[in-house]
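Asks: pasting the sequence and the predicted model now:
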Amino acid sequence: MSNADLLPSLLFKISQNQLALEAAIMELTLWVEQRGSGDVAENVRGAMEAISRNEEFINLTLAVLMAPE
């Protein structure tokens, strides 16, 4: 298997890690918010919007890279 063949799999795994981290951070955000730090929770949600904005592009790119030729 060439290095070029590994790239789609690598990007897929990175994407999966990103989504797992997003879920974990959101759990922590809810926990922080429940303890009265709504401003901190709101800041985290704002920062997490970048992940949401990029998610569709990442998924489309992975679909193209992993499609059979």
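Replies: On my side now, so go ahead.
Asks: pLDDT below threshold where in the protein?
Replies: For the chain, applying pLDDT under 70 flags the ranges 1.
Asks: helices or strands up against the longest helix along the chain?
Replies: The single longest helix within the chain, with elements called by DSSP state H, is helix 3-34. Contact analysis of helix 3-34 by 3 or more C-beta pairs under 8 Å, 6 or more residues apart in numbering; DSSP states H and E lists helix 38-66 as its packing neighbours. In this view, the C-beta of every residue, glycine as well, is placed from N, C-alpha and C.
Asks: now do the helix it packs on against helix 3-34, angle only.
Replies: Between helix 38-66 and helix 3-34, the angle comes out at 160 degrees (axes from the mean of the first three to the mean of the last three C-alpha atoms, to 10 degrees).
Asks: buried ones in helix 38-66?
Replies: Neighbour-count burial for helix 38-66 flags 41, 44, 58, 62 (criterion: 16 or more other C-beta atoms under 10 Å).
Asks: in a markdown table: those residues, plus distance to L28.
Replies: Formatted as a markdown table, those follow (distance: C-beta to C-beta, whole Å):
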| residue | distance to L28 |
| --- | --- |
| A41 | 9 |
| V44 | 8 |
| I58 | 22 |
| L62 | 27 |
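Asks: and these, which two are furthest apart?
Replies: A41 and L62 (30.1 Å; C-beta to C-beta).
Asks: now do N3 against I14, distance only.
Replies: Noted for N3: a distance of 16 Å to I14, by C-beta to C-beta, to the nearest Å.
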